[in-house]
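Here is a sequence together with a model predicted from it:
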Amino acid sequence: MANLERVTSYEGKEGEVKKAVLLYSGGLDSSIVLKLLLNNYGAEVVTLTADIGQPSENFEAIRERALKLGATEAYVVDLKKEYADEYLSRAIKTNSLYEGKYPLVSALSRYPMCRKAVEIAASVGADACAHGCTGKGNSQIRYDLGITTLNPKLKIVAPIRDYQLTREQELRYANQWGIPTEVTTDKIFSVDENLWGRGIASGILEDPNAEPPMSILRLVVPPERAPNEAEYIELRFEKGRPVALNGQEFDLHKLIRQVSTIAGRNGVGLIDHVEDRAIGLKSRDLYECPAAVTLIEAHRDLEKFTSTFQENTFKEIVDSKWTQLAYLGLWYDPIMEALNAFIDTINLRVSGEVRLKLYKGSLRVVGRKSDYGLYDKNKTTYLDTDNKTFNQASSAGFIEHFGSQMQAAYWLRKKV
């Protein structure tokens, strides 16, 4: 295994990369890539481990593992605040749910990592960036396009993809080179976790008809085991951005963590999703996203309350396009700047409070208030009997003209 022959479709040669910055999580894939870069590419390796909110990671242990496996330098960088402020805040303002369900847990986290990898590559004089993606997933697209857009001179090296390694081959290679791993052949789950949630794939989940075992959950309590009493929370938004929870202000990355804990213990945020990957495949994933689901639901409700009908219906189109571009790895396409400008404009009035009720997996907005709310109780109320604020008699004429084309077309079709 040390001298793996490259597949015929790969034309790379040993020595083509002198120094590579490896996006290193410390897991099986990235650890094997580190060894392959040393053994088969003859490259010097500098690792980058990004803290984007993985709650259980021992980053010092990951750093030491990288150095032990042969990295000359191992960077551990805290990107939580940047990730929340520059990426997750936009996902909230965009009500971003890919195909109506997936909150872009993995997708959005790749972009701050790309930016930091390019920055480190420049500082250490690297000529390449490397990652541990396979050729079947989405993140390879985000890494490849993100890095080469920011610095077209950098090469991309992806040994797992280049060698088309299976998980079984990776495990054998890990055993041969003494690479520590918790993955086994009988329980092979692929887990990606950050501040925005947790994504689980592979193993039994590859059967789309198999119910996921609740034992693999970490962020969300199974709804049937959640508390028997509902829990209420209040979120305050300023210009579309959540700034306070239950009256207490937090930096966004800390607020997200607080909401995740509360929603998760009430069974909120479990998503079983078959999605369309950018690469053309369908995949089945299980997501735990208590904070994302809660914050997006609250924001969407407040935005609808403060925006006009035309704004709301058009923004649904913009939201869908933004989410698709972020998912597909097209974060730096010029249209994103235009979409963000529209999204920011709409969110100038999305300020106020939203009250939510969480109970055994259900999430419901039960109240909202805003100085910019377009709801007019004086006109809407059925208790207004003096007709001073709304002339109901004028509705009949409106209805007559409003439906005139439909009625004409209906009878013309009858003739045909």
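Yes, it's here. Residues are numbered from 1 along each chain as shown.

Which parts of the stretch 51-200 of the chain are strands?
Residue ranges of the strands in the stretch 51-200 of the chain, as given by DSSP state E, counting those that start in this stretch, are 73-78, 128-130, 155-157, 190-194, 197-201.

Pick out the shakiest of those strands, pLDDT-wise.
Mean pLDDT per stretch puts strand 190-194 lowest among the strands of the stretch 51-200 of the chain, at a mean of 92.

And residue 325, how close does it get to residue 311?
Distance from residue 325 to residue 311, counting by CB to CB, to the nearest Å: 21 Å. Bear in mind the C-beta positions are built from the backbone N, C-alpha and C, glycine included.

Figure out how far the worst-scoring helix or strand of the chain on mean pLDDT is from the centre of its chain.
Lowest on mean pLDDT, DSSP states H and E among the helices and strands of the chain sits helix 377-380, with a mean of 84. Distance, stretch centre to chain centre, for helix 377-380: 39 Å (CA atoms, centre = their mean, to the nearest Å).

Residues contacting the helix or strand that comes right after that helix, please?
Beyond helix 377-380 on the C-terminal side, the first helix or strand identified by DSSP states H and E is helix 395-402. Around helix 395-402, nothing counts as a contact under CB atoms under 8 Å, 6 or more residues apart in numbering.

Now helix 395-402: average pLDDT?
So the average pLDDT for helix 395-402 ends up being 92.

Can you list the low-confidence ranges for the chain?
Low-confidence segments of the chain, defined by pLDDT under 70: 1-15, 56, 183-188, 384-387.

Recalculate using a threshold of 80.
In the predicted model, the chain carries pLDDT under 80 at residues 1-15, 55-57, 181-188, 382-390.

per-domain residue ranges of it.
Following automatic domain parsing, one gets these domains for the chain: 19-186, 192-369, 381-411.

To residue 375, which of these lies closest?
domain 192-369 (6.5 Å; CB to CB).

from the middle of its chain, how far away would the closest one be?
9 Å.

likewise stretch 177-196?
Put simply, stretch 177-196 sits 20 Å off its chain's centre (CA atoms, centre = their mean).

Would you indicate which residues of that stretch are buried?
Buried residues in stretch 177-196, counting neighbours by 16 or more other CB atoms under 10 Å, are found at 177, 179, 183, 188, 190, 192-196.

Residue 227: what's its closest spatial neighbour, skipping adjacent residues?
Counting by CB to CB, 6 or more residues apart in numbering, residue 227 lies nearest to residue 266, which is 6.6 Å off, once chain neighbours are set aside.

Show me the contact partners of the strand or helix carrying residue 317.
In this structure, residue 317 is located in helix 309-328 according to DSSP H and E. The contact list for helix 309-328 (CB under 8 Å, 6+ apart) reads 90-91, 94-98, 102, 104, 107-108, 138, 141, 278, 303-304, 307, 331, 333, 335-336, 339-340, 342-343, 346.

Filter those residues down to the buried ones.
Judged by 16+ other CB under 10 Å, buried ones among the contacts of helix 309-328: 90-91, 94-98, 102, 104, 107-108, 138, 141, 278, 303-304, 307, 331, 336, 339, 343, 346.

Mind checking which of those residues are in helices?
The helices, defined by DSSP state H, take in 90-91, 107-108, 141, 303-304, 336, 339, 343, 346 from the buried ones among the contacts of helix 309-328.
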